[in-house]
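Undergrad: requesting a structural model of the entry that follows:
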Amino acid sequence: MANKYRPKKIIKSYYRKYTYGVSCLKDENNNLYPIDEQLFTSGCGPDFKETKWELNYDKYDPSLVFQKRWYGEVWPVSKFQKIDVLKVALALKRGLTVLPPWLEIQYERQNENRKMEREGMKLPFEIIVKILEFTEPKERTKQLLICRSIYCILLRNIYCYPKLDSTNFNPFVELLTCRENKGRFDHFVEVLDLSNIIQVAKTSYVGKLIRRCSASLQIFISSQSNFGLTSLISLRNCEKLKILDLSLVSGQVDLKELFRCICNLHALEQLSFPRSSIRCEDYQFDWPQNLWYLKLQGGITDDFLMNSVFPSTIRSLEFAHCPNVSDEGANDILSKIGFQLERLSVFYPMPMLSGEGFNFALLYCPNLKMLYASISYISNNLFRMEYLPPLADKDRPLKHIIIDSPGQAGEGAKIDPDEITSAICGDRLPCLHSLTYSKHLGWNIMSDEIQDLVFEMENRGGEVYQM
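TA: This next block holds a predicted model:
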């Protein structure tokens, strides 16, 4: 007996399956957009085959079409038409995305960009990093968030030259010296500039910091605090150190221990003595073999200048804040190494020097290219024939002369501009390119002497500057 409560079967017509043939779209201006045939042929795999009934049905209903491109995006022509939801769902599952026909221009541009990327038409990683290096340093912390590769590259640039002062020095030392970061920043720091730090909380911090950065440190500028023995010993491991500036050190420094620590630094090129008192009992030092710049200051005495054997590699020599150096010591060192010097500088104050202490500078240093001197230690004799004779074998290579003044009254009268003009006209300064003088000399720029000097310099292709 049949169950009368069973729902009756309703025989419906078979679901009409639509396929998509070749047609075209029209926009508002009646422009035709061709439509590719076989909607899912490129995405269904090698086993996909259309039945004969499906192929025949395209002839009877060509209006139901989809737009397809080589990336597989599809979109129905009309939102009122019937579509094969199953096929679209399967297509979307395979990674296809719906694309409306009116976005065709934007889509084509995207395809062109993808094509260029596949063909390698994009900037190499090295050029991208080079571009980022030209941006403002304050933007570096934001650029670290681009990607991990950029982070690893720019992190070195940030720690290469840290901007240190009294507020961030202690946290910086703790960051580099903590056990968790051991070895992480060893090869990052190349420049340690502590000139903005007046006093360090612990003197051992400087030595600890130098020791941790010794593998990559190239430039070290000391702070105004003491530079103890531990800091000197830490310098031994800085094999890449090129510039050592101790000019701000306020404590006493043992020169013998200093040279013992830096004698094996073959990369060291520039050395500045501390401005404080210096303890020195022996004058036989082993100088770094590539040292070409030497700045003498502080407690340097005449005995040190006359008894020390300076290296033959020195090309630049400076005197600054040397209260114990007299004319005898200055002339002695110039007579020994003056022929190899190319740059000579004499800064104020040097209280033991007389008003003509460096008049022999051009006589002892025939190969000078730049002379910087304070008016307090030179006079008219510097440019006269006895102190500035013409060279027999070559032209004197002096190109730049800078005459500074501390501003003391009456010092401008020590040098007459006519003496400089006479030396230029007499071909004793044939290569002079620029003459710079301080405004504190009191020279009147409209006077006949200055105008004659300017006229003679311009005729020879040179310039006269006032600072």
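
Undergrad: so what's Phe188 up against?
TA: Going by CB atoms under 8 Å, 6 or more residues apart in numbering, Phe188 touches Leu155, Arg156, Tyr159, Cys160, Ser216. Just so you know, the C-beta spots here come from the backbone N, C-alpha and C atoms, and that holds for glycine as well.

Undergrad: same thing with Val173?
TA: Residues near Val173 by CB under 8 Å, 6+ apart: Tyr205, Lys208, Leu209.

Undergrad: please report which of these has the highest neighbour count.
TA: Within the contacts of Val173, most neighbours by other CB atoms under 10 Å means Leu209, with 24 neighbours.

Undergrad: thought that residue was touching Thr177?
TA: Yes - contact criterion CB atoms under 8 Å: Leu209 and Thr177 qualify, at 7.4 Å.

Undergrad: shared neighbours of the two, which are they?
TA: Contacts common to Leu209 and Thr177, judged by CB under 8 Å, 6+ apart, are absent.

Undergrad: what residues does stretch 409-423 touch?
TA: Residues outside stretch 409-423 that contact it (CB under 8 Å, 6+ apart): 355, 375-376, 378-380, 382-384, 388, 403, 405, 429, 435, 440-443, 447, 449-450, 452-453, 456.

Undergrad: how about stretch 307-317?
TA: With contact meaning CB under 8 Å, 6+ apart, stretch 307-317 is reached by 283-285, 287-294, 296, 333, 336-337, 340-345.

Undergrad: ditto for stretch 276-285
TA: The contact list for stretch 276-285 (CB under 8 Å, 6+ apart) reads 249-256, 259, 263, 298-301, 303-304, 307-309.

Undergrad: before we move on, what about stretch 336-343?
TA: Defining contact as CB under 8 Å, 6+ apart, one finds that stretch 336-343 is touched by 310, 312, 314-317, 334, 361, 364-370, 372.

Undergrad: narrow the residues you listed to those in strands?
TA: Those of the contacts of stretch 336-343 mapping onto strands are Ser316, Leu317, Met370, Tyr372, per DSSP state E.

Undergrad: among the residues you listed, name the buried ones.
TA: Burial by neighbour count, judged by 16 or more other CB atoms under 10 Å, picks out Ser316, Leu317, Met370, Tyr372 from the ones in strands among the contacts of stretch 336-343.

Undergrad: least confident secondary structure element in the protein?
TA: Least confident helix or strand of the chain, by mean pLDDT, DSSP states H and E, is helix 52-60 with a mean of 37.

Undergrad: run through the bridge partners of the closest residue to Gln270 other than its chain neighbours.
TA: Nearest residue to Gln270 in three dimensions, chain neighbours excluded: Tyr293, at 3.9 Å (CB to CB, 6 or more residues apart in numbering). Counting by DSSP bridges, Tyr293 forms beta bridges with Gln270, Ser316.

Undergrad: hmm, back to that, farthest-separated two in the contacts of stretch 336-343?
TA: Largest separation among those by CB to CB: Ser312 and Tyr372, giving 22.6 Å.

Undergrad: and the contacts of Phe188, which of them are buried?
TA: Neighbour counting over the contacts of Phe188 (16+ other CB under 10 Å) leaves Tyr159, Ser216 as the buried ones.

Undergrad: hang on, the earlier thing: now do the residue nearest to Gln270, the pLDDT please.
TA: pLDDT, Tyr293: 97.

Undergrad: that one: neighbouring residues, count only.
TA: When neighbours are defined as other CB under 10 Å, Tyr293 has 17 of them.

Undergrad: right, and it touches Leu268 too?
TA: No - applying CB under 8 Å as the test, Tyr293 and Leu268 come out as separate, 9.9 Å apart.

Undergrad: quick one, helices of the stretch 51-200 of the chain?
TA: For the stretch 51-200 of the chain, the helices defined by DSSP state H, counting those that start in this stretch occupy 52-60, 85-93, 104-118, 125-133, 140-143, 148-160, 169-177.

Undergrad: in TSV, list these along with distance to Pro323.
TA: Formatted as TSV, the helices of the stretch 51-200 of the chain follow (distance: least, CB to CB, whole Å):
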stretch	distance to Pro323
helix 52-60	104
helix 85-93	87
helix 104-118	69
helix 125-133	45
helix 140-143	44
helix 148-160	38
helix 169-177	31
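
Undergrad: per-domain residue ranges of the chain.
TA: As given by automatic domain parsing, the domain ranges for the chain are 24-118, 123-160, 171-291, 319-467.

Undergrad: just confirm Asn359 is within a helix.
TA: No - using DSSP: H, G, I helix; E, B strand; the rest coil, the assignment for Asn359 is coil, not a helix.

Undergrad: pLDDT score for it?
TA: Looking at Asn359, its pLDDT stands at 94.

Undergrad: can you tell me how far the residue lying closest to it once chain neighbours are set aside is from Ile402?
TA: Once flanking residues are discounted, Asn359 sits nearest to Asn381: 4.5 Å by CB to CB, 6+ apart. In this view, Asn381 and Ile402 are 18 Å apart by CB to CB, to the nearest Å.

Undergrad: residue ranges in this structure under the pLDDT threshold?
TA: Residue ranges of the chain with pLDDT under 70: 1-85, 87-88, 91-104, 113, 116-122, 201, 277, 279, 281.
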